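*Asks:* Below are the sequence and a predicted model for it; my questions follow.
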Amino acid sequence: MLAALERDPLTAPLDRRQLALVTYALKLTQSPHLITESDINSLRQAGLSDAAIHDAAAVAAYFNFVNRMASGLGVRLEAE
């Protein structure tokens, strides 16, 4: 499943809840200014509580922040 997520997260074999989270995280990462109440409602309809939605937003925002800081400082990943 990891390979499918890396190729195209929106077509990976995810359940409804997972797909809602991935869709939200991608939108929050790529175009946060376009997030609307409809996006939040999609998460609720997929079974997420408001606390879980908050946590998803916090985790996505944190990873975006850390990655942008690393990129902005020229940090490069070590070769595996």
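*Replies:* Everything's here; your move.

*Asks:* okay, CA-based contacts and neighbour counts for the rest of this
*Replies:* Noted.

*Asks:* For the protein, which helix extends over the most residues?
*Replies:* helix 50-72 (DSSP state H).

*Asks:* chain center to the helix or strand bottoming out on mean pLDDT in the chain: distance?
*Replies:* When each helix and strand of the chain is scored by mean pLDDT, DSSP states H and E, helix 2-7 comes last, with a mean of 85. Between the centre of helix 2-7 and the centre of its chain there are 14 Å (C-alpha atoms, centre = their mean, to the nearest Å).

*Asks:* where does P9 land in three-state SS?
*Replies:* coil (DSSP: H, G, I helix; E, B strand; the rest coil).

*Asks:* That one: neighbour count?
*Replies:* 17 (other C-alpha atoms under 10 Å).

*Asks:* what's the distance between it and S71?
*Replies:* 23 Å (C-alpha to C-alpha, to the nearest Å).

*Asks:* hmm, back to that, run the chain-centre distance for the helix or strand just after the least confident helix or strand of the chain.
*Replies:* Toward the C-terminus, helix 2-7 is succeeded by helix 16-30 as the next helix or strand (DSSP states H and E). The chain centroid and the centroid of helix 16-30 are separated by 5 Å, computed with C-alpha atoms, centre = their mean.

*Asks:* cool, and stretch 48-65?
*Replies:* Centre to centre, stretch against its chain (C-alpha atoms, centre = their mean), the figure for stretch 48-65 is 8 Å.

*Asks:* Buried residues in it, which are they?
*Replies:* By 16 or more other C-alpha atoms under 10 Å, the buried positions in stretch 48-65 come out as L48, I53, A56, A57, A60, A61, N64.
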